[in-house]
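# please find the sequence and the predicted model below.
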Amino acid sequence: MGESETRERRPMGEQQRGTDRPIRPRGNIPPDTILIGKKPLMAYATAVMMHFNMGRKELTVKARGRAISHAVDVVEVVRRRFFEGKLSVKEVKIGTDVVGGMEGEESRNVSTIEIRIQKTD
């Protein structure tokens, strides 16, 4: 490899495994919360199962916009297929976030959902 082909290496704490992208901090997200986005359903289902297999009893699954149906699918797949009735939906909250509205942008409303589930064994 020539000098122009070498990649800059960063400590593992600053990058995700296998990529050169920096890891984004979780910020104000509680450790018992999973945010649903564009990843495959089974990625989130695995995260939910790992959470409960670590001995925790409750978890919140959050989503907004088009990801709301994905969040419902994740909870239902885990509840019915993997835990076979040992998980229950404790609470469902719905709401609206106002997005945009800065620097001349028009603000818009985005629907949100929070599904609180608990292990019942």
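Yes, it's here. Residues are numbered from 1 along each chain as shown.

# three-state assignment of the closest residue to residue 97 other than its chain neighbours?
Of all residues not flanking residue 97 in the chain, residue 110 sits nearest, at 4.9 Å (Cβ to Cβ, 6 or more residues apart in numbering). Placement of C-beta: from N, CA and C, glycine included. Assigned by DSSP: H, G, I helix; E, B strand; the rest coil, the conformation of residue 110 is strand.

# please apply the same query to the one 3 residues further on.
Per three-state DSSP, the secondary structure class of residue 113 is strand.

# OK, contacts around it?
Residues near residue 113 by Cβ atoms under 8 Å, 6 or more residues apart in numbering: 62-64, 68, 71-72, 92-95.

# what distance do you get for it to residue 66?
Distance of residue 113 to residue 66, given as Cβ to Cβ, to the nearest Å: 12 Å.

# buried ones among the contacts of residue 113?
Neighbour-count burial (16 or more other Cβ atoms under 10 Å) is assigned, among those, to 62-64, 68, 71-72.

# now for those: which two are most distant?
The largest separation in the buried ones among the contacts of residue 113, counting by Cβ to Cβ, is between 64 and 72 at 12.8 Å.

# among the contacts of residue 113, which are in helices?
68, 71-72 (DSSP state H).

# of these, closest to residue 46?
residue 71 (14.8 Å).

# pretty sure the closest one is touching residue 61, no?
Yes - taking Cβ atoms under 8 Å as the definition, residue 71 is a contact partner of residue 61 at 5.2 Å.

# quickly list what's touching both of those two.
36, 44, 115.

# between the residues you listed, which is closest to residue 57?
Nearest member of the shared contacts of residue 71 and residue 61 to residue 57, counting by Cβ to Cβ, is residue 115, at 15.2 Å.
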